[in-house]
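Asker: Below are the sequence and a predicted model; questions follow.
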2 protein chains.
Amino acid sequence: MSAEVAGSFSDLANDRHLLGRTSTAELVAGVLRGRIAEGQLPPGTRLAEEAIGQALAVSRNTLREAFRLLTHERLLVHELNRGVFVRTLTAEDVTELYRVRRVVECAAVRRPVAVDGPLARARRCVADGEQAARDGRWVDVGTANIRFHQALGSMAGSSRVDEFMHAILAELRLVFHVMKNPRSFHEPYLTRNREVVELLDAGDFAAAEESLARYLDDAEAQLVEAYARVLEQDGRG
Amino acid sequence: MSAEVAGSFSDLANDRHLLGRTSTAELVAGVLRGRIAEGQLPPGTRLAEEAIGQALAVSRNTLREAFRLLTHERLLVHELNRGVFVRTLTAEDVTELYRVRRVVECAAVRRPVAVDGPLARARRCVADGEQAARDGRWVDVGTANIRFHQALGSMAGSSRVDEFMHAILAELRLVFHVMKNPRSFHEPYLTRNREVVELLDAGDFAAAEESLARYLDDAEAQLVEAYARVLEQDGRG
DNA sequence: GCATATTTGTCCGTATGTATA
DNA sequence: CTATACATACGGACAAATATG
């Protein structure tokens, strides 16, 4: 069906005692989460138990626990008696992700509970994105963009909302990894991010929300259309 | 420190094959979730692995998996090398829960994506709540109230939002179980629920949102104050 | 403060059922 | 139909931390 995981993993067990008191399963989940976020394990990749278990030097039980954590985060899907795969989102999923973003991000920006910290972070993300664009690091532009929106969400002043947005944006990252050509998708939004952050700096939350809402509508329209086309090509529809 | 789980559980393993294809861990989680929701395992209760494992006739591994599921839902807390406990929310948690509800419920009501199904459900919940009140079943009034707000959230038209709201409201239920006297808390909101649903029926989403926002502000103010007092008394501050 | 008993954390090997090749 | 790989659950072993006397 699709590529098996190929890369080798460094042995975790040796480093375990250095990393404080997180469970082995969560360490493994962290490694895999990173690999998925960076696109080294793109959507559709099958994660074979034995191969990864041996590569990471952990037991099947522990590995399966890590799989469960990531499945709960919607990064992996579990196909009965076939194993786990990096998730491939449908076009409908993308539509829903933007629906959720409109609800949460717009509400957070319109009536923010926390402003200073999140706004400072948002500013940094905008600057980071612009710098990455100048350097041609388009994947980093995407990362900065995601962090930017995470910062907007955190203006809601709720750790639960933060977590929720984090999960939503991690899913969105899966979409980006199916798309080729990150530049064409991320570049247009650099200036729009800046516009939002400047309106927030000016204290005009209502205008910031409207700008953001238009932003999300446009991004959704562009992404869903292009994404459906890519899925079609790859025959995963 | 606090009460251990006392009640006996019926054996699950025997019924497993009857209940289709859910894992034992999820069955166990379901039983515990129900016990917590009903208040038989109130906040602060310690869930000893061996005792519950024997009572439910499942292995420690399976039970721990169930604990993991419920911990992820924030119904249990895990204290390292001490075990798992039914969570006791802080007053700050309650404030945050209402903050989240204002964001999600108000957005869903103001600009609904799905109307018909959720609205019908909301109407039913209002009627159920009123009937339960007439019968003096105050815990059921609380349940109907929670379902009502779940229905409001589902107007956002997103399974992710639905899931999020479900988790938020399950947490809120933990608060209600610390409070005594469910009547005094739930009764005043019966008419306000009806007001919201009637405004929605009339298609006046903006007015419904405003009514809901005031509702949530009032409920939060009342609950947080009373909750902090109860925590103080019980010395769980 | 100390020694002991209990409980949890982690991992393993195994057994059984099931779906796929 | 058989062989393979996986899902699921169990019981046990040992280390580590905590609770108890």
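Answerer: Noted; the coordinates are in hand. If you're wondering where the values come from, they're calculated on a predicted model, not measured in any experiment. Numbers count the residues shown, from 1 in each chain, chains lettered A, B, ... in the order given.

Asker: Quick one: list the elements packing against the helix or strand in which A:Ala208 is found.
Answerer: In this structure, A:Ala208 sits in helix A:205-234 according to DSSP states H and E. On a contact count with 3 or more Cβ pairs under 8 Å, 6 or more residues apart in numbering or on different chains; DSSP states H and E, helix A:205-234 meets helix A:91-110, helix A:159-178, helix A:182-186, helix A:189-201. Just so you know, the C-beta spots here come from the backbone N, C-alpha and C atoms, and that holds for glycine as well.

Asker: Apply 7 Å and report the result again.
Answerer: The elements that helix A:205-234 packs onto, with contact taken as 3 or more Cβ pairs under 7 Å, 6 or more residues apart in numbering or on different chains; DSSP states H and E, are helix A:91-110, helix A:159-178, helix A:189-201.

Asker: quick one: contacts of the first one?
Answerer: Contacts of helix A:91-110 from elsewhere in the structure, counted by Cβ atoms under 7 Å, 6 or more residues apart in numbering or on different chains, are A:149, A:152-153, A:155-156, A:161, A:164-165, A:168, A:171-172, A:175, A:200, A:205-206, A:208-209, A:212-213, A:216, A:220, A:223-224, A:227-228, A:231, B:103-104, B:107-108, B:113, B:156-158, B:160-161.

Asker: Can you mark which positions in stretch A:25-42 are buried?
Answerer: Residues of stretch A:25-42 classed as buried by neighbour count (16 or more other Cβ atoms under 10 Å in any protein chain shown): A:25, A:27-33, A:35-37, A:39, A:41-42.

Asker: try stretch A:102-122
Answerer: Buried residues in stretch A:102-122 (16+ other Cβ under 10 Å): A:102-113, A:118-119, A:121-122.

Asker: ok, so of these, who is nearest DNA strand C?
Answerer: Distances from DNA strand C to those, taken as Cβ to the nearest atom of the strand, are shortest for A:Arg121 (31.5 Å).

Asker: mind listing what the closest one touches?
Answerer: A:Ala151.

Asker: List buried residues within the contacts of helix A:91-110.
Answerer: For these, buried by 16+ other Cβ under 10 Å: A:149, A:152-153, A:155-156, A:161, A:164-165, A:168, A:171-172, A:175, A:200, A:205, A:208-209, A:212-213, A:216, A:220, A:223-224, A:227, A:231, B:103-104, B:107-108, B:113, B:156-158, B:160-161.

Asker: pLDDT averaged over stretch A:46-62 - what is it?
Answerer: For stretch A:46-62, mean pLDDT rounds to 72.

Asker: is chain B contacted by that stretch?
Answerer: No: looking at stretch A:46-62 against chain B by Cβ under 7 Å from any Cβ of the partner chain, there are no contacts, and the closest approach is 7.6 Å.

Asker: in that stretch, what's buried?
Answerer: A:Arg46, A:Leu47, A:Ile52, A:Gly53, A:Ala55, A:Leu56, A:Val58, A:Thr62.

Asker: Centre of the chain to it, how far?
Answerer: Centre-to-centre, stretch A:46-62 and its host chain are 24 Å apart (Cα atoms, centre = their mean, to the nearest Å).

Asker: now the end-to-end length of it.
Answerer: 18 Å (Cα to Cα, to the nearest Å).

Asker: what does stretch A:106-123 give?
Answerer: 17 Å.

Asker: Kindly provide the whole-number mean pLDDT of that stretch.
Answerer: 95.

Asker: anything in the lowest-mean-pLDDT helix or strand in chain A sitting right up against DNA strand C?
Answerer: Least confident helix or strand of chain A, by mean pLDDT, DSSP states H and E, is helix A:49-56 with a mean of 71. No: judged by Cβ under 7 Å from any atom of the strand, helix A:49-56 and DNA strand C are separated, with a smallest distance of 7.9 Å.

Asker: tell me what that helix is packed against?
Answerer: Counting by 3+ Cβ pairs under 7 Å, 6+ apart, helix A:49-56 packs on helix A:60-72.

Asker: one step back: nearest to DNA strand D, of the buried residues of stretch A:46-62?
Answerer: DNA strand D lies nearest to A:Arg46 out of the buried residues of stretch A:46-62, by Cβ to the nearest atom of the strand, at 7.9 Å.

Asker: And the closest one, its phi and psi?
Answerer: Per-residue torsions, A:Arg46: phi -90, psi 140 (degrees, to the nearest 10).

Asker: Go ahead and confirm it touches A:Phe85.
Answerer: Yes: under the criterion of Cβ atoms under 7 Å, A:Arg46 makes contact with A:Phe85 at 5.2 Å.
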